[in-house]
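Asker: Build me a structure from this.
(one chain, ligands or ions: 1)
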Amino acid sequence: MQDQAIHLLLIEDNPLHSRLIQRLLEGEQQLRCEVEVVDRLAAGLERLGRGGIDLVLLDLVLPDSQELDTLFQVHEAVPEVPVVILTSLDDVTLAARAVEAGAYDYLVKTHLNSVSLGRAIRYTLARVRARSGEWEAPMFRLAQQQFLKAAQIMALDDNIRQRLLFPQRTQVVSFPFFRDDRAQVETVFGYRVQHVLSMGPTKGGIRYHEEVDLGEVAALAMWMTWKCALMQLPFGGAKGGVRVDPTTLSDRELQRLTRRFTVEIIDMIGPDKDIPAPDMGTNERVMAWMMDTYSQQVGYTVPTVVTGKPVVLGGSLGRKEATGRGLVYLVQAAAEHIGLDLSKSTAVVQGFGNVGSYSARFLAETGAKIIGISDVSTGLYNPNGLALDALLEYVAEHRVLKGYPDADEVTNAELLELDCDVLALAALQNQVTVENADRLKCKLLAEGANGPTTLEADDILDERGVFVLPDVIGNAGGVTVSYFEWVQGTQNLTWTLEEINARLKSILLDAFQRTLRRAQAEQLDMRTAALIEGVSRVTEAKLLRGLFP
Ligand code: GLU
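Answerer: Have a look, this model is predicted:
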């Protein structure tokens, strides 16, 4: 289910109909709506004027307004807010005219059920999104701003700068999959973006999340380029995603969606072209289905088309926990640099998915006391320390952390501001902003998520002397072991876990030391230093290859 509620304004004068619609919305599983109801147009216009409404459900025939004029007045007041018309069977012709005049859809009140109402709302919002600039994602702005800052400091060649600001290839697909009842067909948007093709095949995860759009995927692909270059892996950056909430899908639906998405992007991917991996909302099972679908299409098994597969299918030992493990290797190096004794320290981890849970586990193994943790359902705080095994057991049984007995509940905002030595961010983007950066109390901020800190917040943290392990280093453990998986697959050999962890550690620490040296020598924050390391390598490669034709 989406994180934020959709704010609906229902303008309907028949109380029976408005109650029916509210009841249907409560019964709809995939939407979280907050509905406000008014029974006159004047009241509706007044409410719209105050802002915050995502969608209007509009009866055209009201005591104070009639027919298309009702729609025109709403459009005039809030041209950007989509309108779905509610009509009775006798007025369908009028409703159709309203759609011609700019309403997104119409719904016949007597034929409504939760599914049709929910779908009309979801599809309308998807169309609004598709019409607005897909590139206009805050994350893509952040990725571009960070890059431009680094480019300016390093006096990057202007031609290269322009070249790197946008991805080289993008594919947007809209594709269907069957719901389990086989009656409903769901249509969703999917993306695959390849940022730089000059460094070798492109590499990056596939994200399933209800907020995914082209801009977000493009930002993540750009970060993959810098990450791979900084780790000196022979890959350019890519990323993919499907705009869907995977928690609302059954296993079979997830499998059908994954297989169809794989076929939609099949011309872009391949073991020598572009190699997907797991990201938020996907896992090794999703990778197994992608690999199987690709293999079915080409007629033989191609394990190296994805990484992050189950080990039995050619996945690498240590890949699942690699991002968390890598983050903690780096936290250890950073702690040593700032003179922090981890065995006497306290840590807070935001997120309890793959990255968060493994980060917490490995942090605890260093002797750090985990005093705060969170997931989508809640934040937990216990100054005496949280027992990781008990948390994992609780989540295995209850799916989420909410209700865990041995801790106090805290909000996400409170969690970030807890007094601690290490704060590991392993959840969403855009968490540390100008709003809260000066209230963070940690000494070391370790970014396991992509894009959790804004540019303004970076400046504040830098001024306050908080040591930041930026995402392009912090979470690079995942793609580094993905690289090992690809190498083992292409050569048909396997490495031991000890060998993998040792290689991982050496690659990460080498990148960390190079970044730290640059940061110190050029008086830069760690993020800018890391980006300059990455951008320099890509630039050198591009200049050496020259320009075709
Ligand atoms: N999705 C992960 C990341 O953001 C891993 C990508 C990969 O393994 O290719 O780095």
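
Asker: which parts of the stretch 101-250 of the chain sit against the ligand?
Answerer: Lys203, Gly204, Gly205 (Cβ under 6 Å from any ligand atom). Where you see a C-beta, it was placed from the backbone N, CA and C, and this is true even at glycine.

Asker: Next step: those residues restricted to strands.
Answerer: Judged by DSSP state E, strands contain the following of these: Lys203, Gly204, Gly205.

Asker: just the residues you listed now: which is nearest Asn14?
Answerer: Gly205 (48.7 Å; Cβ to Cβ).

Asker: where does the nearest residue to the closest one once chain neighbours are set aside fall, phi/psi-wise?
Answerer: Nearest residue to Gly205 in three dimensions, chain neighbours excluded: Asp279, at 2.9 Å (Cβ to Cβ, 6 or more residues apart in numbering). With angles defined as degrees, to the nearest 10, Asp279 sits at phi -150, psi -160.

Asker: quick one: contacts for Asp279?
Answerer: Gly204, Gly205, Ile206, Arg207, Leu220, Lys239, Gly241 (Cβ atoms under 8 Å, 6 or more residues apart in numbering).

Asker: Could you export the residues you listed as CSV, including neighbour count and pLDDT?
Answerer: Shown next, in CSV, are the contacts of Asp279 (neighbours: other Cβ atoms under 10 Å; pLDDT from 0 to 100):
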residue, neighbour count, pLDDT
Gly204, 31, 98
Gly205, 26, 98
Ile206, 31, 98
Arg207, 23, 98
Leu220, 30, 98
Lys239, 31, 98
Gly241, 27, 98
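
Asker: Which helix in this protein has the most residues?
Answerer: Using DSSP state H to define each element, the chain has its longest helix at helix 497-522.

Asker: After that helix, which helix or strand is next? Please name it.
Answerer: Note on helix 497-522: by DSSP states H and E, the next helix or strand toward the C-terminus is helix 526-545.

Asker: for Gly240, what are its contacts?
Answerer: Gly240 touches Gly190, Tyr191, Arg192, Val193, Gly204, Gly205, Ile206, Arg207, Val217, Ile265, Pro276, counting by Cβ under 8 Å, 6+ apart.

Asker: and if you look at Asn354?
Answerer: Pro278, Asn283, Lys320, Thr323, Gly324.

Asker: Kindly state the distance between the middle of the helix or strand of the chain with the lowest mean pLDDT and the middle of its chain.
Answerer: Taking mean pLDDT, DSSP states H and E as the measure, the chain has helix 114-131 as its least confident helix or strand, at a mean of 84. For helix 114-131, the separation from the chain centroid amounts to 21 Å (computed by Cα atoms, centre = their mean, to the nearest Å).

Asker: How about residues contacting that helix?
Answerer: 6, 8, 21, 24-25, 27-31, 33, 54-55, 82, 84, 104-105, 107, 184, 187, 189, 213, 243.

Asker: Turn the buried ones among those into a named ChimeraX selection, would you?
Answerer: Here is the ChimeraX selection string for the buried members of those, based on 16 or more other Cβ atoms under 10 Å:
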select :6,8,21,24,25,28,30,31,33,54,55,82,84,104,105,107,189,213,243
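
Asker: which element is the closest residue in space to Arg161 that isn't next to it in sequence on?
Answerer: Using Cβ to Cβ, 6+ apart and skipping residues adjacent in sequence, the residue nearest Arg161 is Ala151, 4.9 Å away. Using DSSP H and E, Ala151 sits within helix 138-153.

Asker: Who are the contact partners of the single nearest residue of the chain relative to the ligand?
Answerer: Nearest residue of the chain to the ligand (Cβ to the nearest ligand atom) works out as Gly205 at 2.6 Å. Applying Cβ under 8 Å, 6+ apart to Gly205 gives the contacts Leu220, Lys239, Gly240, Pro276, Ala277, Pro278, Asp279, Met280, Thr282, Gly308, Gly478.

Asker: So for the residue of the chain positioned farthest from its centre, what's the nearest residue that isn't a sequence neighbour?
Answerer: Relative to the centre of the chain, and counting by Cα atoms, centre = their mean, the farthest-placed residue is Pro63 at 45.2 Å. Of all residues not flanking Pro63 in the chain, Asp13 sits nearest, at 5.8 Å (Cβ to Cβ, 6+ apart).

Asker: Val376 contacts Val400, doesn't it?
Answerer: Yes - Val376 sits in contact with Val400 when judged by Cβ atoms under 8 Å, with a separation of 6.8 Å.

Asker: one step back: which strands and helices lie in contact with the helix holding Ala151?
Answerer: When contacts are defined as 3 or more Cβ pairs under 8 Å, 6 or more residues apart in numbering; DSSP states H and E, helix 138-153 packs onto helix 158-165, helix 214-230, helix 455-464, helix 526-545.

Asker: And the ones in strands among the residues of the stretch 101-250 of the chain next to the ligand, which is closest to Thr304?
Answerer: Nearest to Thr304 among these: Lys203, at 11.5 Å, using Cβ to Cβ.

Asker: Isn't the closest one up against Leu233?
Answerer: Yes - if you go by Cβ under 8 Å, Lys203 and Leu233 touch, sitting 7.4 Å apart.

Asker: out of these two, which sits in the busier spot?
Answerer: Lys203 (28 against 22; other Cβ atoms under 10 Å).

Asker: follow-up on the earlier one: ok, Val376 and Val400, which is more surrounded?
Answerer: Val376 (16 against 13).

Asker: Surely that one is within a helix?
Answerer: No - using DSSP: H, G, I helix; E, B strand; the rest coil, the assignment for Val376 is coil, not a helix.

Asker: quick one, the helix holding Ala151 and helix 497-522 angle?
Answerer: Put simply, helix 138-153 runs at 60 degrees to helix 497-522, going by axes from the mean of the first three to the mean of the last three Cα atoms, to 10 degrees.

Asker: Alpha carbons only: can I get helix 138-153 in CSV?
Answerer: Output of helix 138-153 as CSV, limited to C-alpha atoms (Å, rounded to 0.1, in the frame of the first residue of the first chain):
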residue,chain,number,x,y,z
PRO,A,138,13.1,15.3,-7.0
MET,A,139,15.6,12.4,-7.0
PHE,A,140,16.7,13.1,-10.5
ARG,A,141,17.1,16.8,-9.6
LEU,A,142,19.2,15.8,-6.6
ALA,A,143,21.4,13.4,-8.7
GLN,A,144,21.9,16.1,-11.3
GLN,A,145,22.7,18.8,-8.7
GLN,A,146,25.2,16.6,-7.0
PHE,A,147,26.8,15.8,-10.3
LEU,A,148,26.9,19.5,-11.4
LYS,A,149,28.5,20.4,-8.1
ALA,A,150,31.2,17.8,-8.6
ALA,A,151,31.6,18.8,-12.3
GLN,A,152,32.1,22.4,-11.4
ILE,A,153,34.7,21.7,-8.7
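
Asker: Spit out the contact partners of Glu533.
Answerer: Ala229, Leu230, Ala511, Arg514, Thr515, Arg518.

Asker: Tell me, how many residues neighbour the third one?
Answerer: For Ala511, the count of nearby residues is 23 (other Cβ under 10 Å).

Asker: now do the second one
Answerer: Under the neighbour criterion other Cβ under 10 Å, Leu230 is assigned a count of 29.

Asker: how far away is it from Ala476?
Answerer: Distance, Leu230 to Ala476, by Cβ to Cβ, to the nearest Å: 7 Å.

Asker: shared neighbours, those two?
Answerer: Common neighbours of Leu230 and Ala476 (Cβ under 8 Å, 6+ apart) are Ala511.

Asker: Tell me the residues of this protein that contact the ligand?
Answerer: Contact residues, the chain versus the ligand (Cβ under 6 Å from any ligand atom): Lys203, Gly204, Gly205, Ala277, Asp279, Thr307, Gly308, Asn450, Asn475, Gly478, Val479, Ser482.
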